[in-house]
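[1] predicted model and sequence below, questions to follow.
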Amino acid sequence: MTHFTAVLLFALFASVVFGITQRETPKRMLRYGIYCFVLFAGSAIVLSWVMFLIAR
Amino acid sequence: MNAAAKQDSKQGFVYLPLIAGWLVPGAGHFLLGKWGRGALLAASILGMFAMGIAMQGKLYSSAHDILDILGLAGDLGNGLLYFVSRVMGLGADQVQVTTADYGTRFIVVAGLLNVIAAVDAHNLRTGRKA
């Protein structure tokens, strides 16, 4: 398993729990879950590029 | 939820979904008839815990400093998963490979997510959440 796969699975599992527990209707749960997943995965990608550029 | 089911869910020990949800991931929602939510929560928390164990993550057994205490508190959030894993000797005592560090975090976060899920079941039970 690559680091990025681990990040995606972590984001998926955490987003499912956040979506279900933090919103009340199924539609809003789905939207919030997707929002959390994008933030988790997106922030990991952005921070990875920032660290890459700092290390150059 | 229909009126009869709602009435049934108002009877009995009010903290039962909270305790059941802590002991077994998703069980609090199952008790309240929220089968879909419970299954998704159980799959996510069990999946994260299993991945942590598969990555040879460490199961905290004692607390010598503040980080160990926080890790142990997170691990205890897994309820029966933690105790059964300890009895079965799963998880590493020491972090020895690179992935084990990630595995340790997966196990701790699975416990924290399980606490959130159990509290959500309690909120559903008390009517704080629809």
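    Great, that's in hand.
[2] what about the closest residue to B:A130 other than its chain neighbours, neighbour count?
    Counting by CB to CB, 6 or more residues apart in numbering or on different chains, the nearest residue to B:A130 once its immediate chain neighbours are dropped is A:E24, at 5.2 Å. (Each C-beta comes from the backbone N, C-alpha and C, glycine too.) Using other CB atoms under 10 Å in any protein chain shown, A:E24 has 10 other residues around it.
[3] now A:E24, what's its secondary structure?
    Secondary structure for A:E24, judged by DSSP: H, G, I helix; E, B strand; the rest coil, is coil.
[4] where do the helices sit along the chain?
    Because you didn't say which chain, this covers chain A. For chain A, the helices defined by DSSP state H cover A:3-22, A:26-55.
[5] ah, I was thinking of chain B
    Secondary structure of chain B (DSSP H): helices at B:3-9, B:16-23, B:27-31, B:35-54, B:66-76, B:80-88, B:98-126.
[6] now the second one, how far from the centre of its chain.
    Read it as helix B:16-23. Relative to the chain's own centre, helix B:16-23 is displaced by 9 Å; criterion: CA atoms, centre = their mean, to the nearest Å.
[7] anything in it sitting right up against chain A?
    No: using CB under 8 Å from any CB of the partner chain, we find that helix B:16-23 stays clear of chain A, coming within 10.7 Å at best.
[8] what is that helix packed up against?
    Applying 3 or more CB pairs under 8 Å, 6 or more residues apart in numbering or on different chains; DSSP states H and E, one finds that helix B:16-23 contacts helix B:27-31, helix B:98-126.
[9] roughly how far out does the first one sit from the chain middle?
    The chain centroid and the centroid of helix B:27-31 are separated by 12 Å, computed with CA atoms, centre = their mean.
[10] again with stretch A:22-29
    Relative to the centre of its chain, stretch A:22-29 is centred 17 Å away, using CA atoms, centre = their mean.
[11] same check, this time on stretch A:10-22
    For stretch A:10-22, the distance to the chain centre is 9 Å (CA atoms, centre = their mean).
[12] list the buried residues for it?
    Neighbour-count burial for stretch A:10-22 flags A:F10, A:A11, A:L12, A:F13, A:A14, A:S15, A:V16, A:V17, A:F18, A:G19, A:I20, A:T21 (criterion: 16 or more other CB atoms under 10 Å in any protein chain shown).
[13] if I look at the residue nearest the centre of chain B, how far off is chain A?
    In chain B, the residue lying closest to the centroid (CA atoms, centre = their mean) is B:N114, at 3.0 Å. From B:N114 over to chain A the distance is 8 Å, taken as CB to the nearest CB, to the nearest Å.
[14] B:G33 too?
    Distance from B:G33 to chain A, by CB to the nearest CB: 15 Å.
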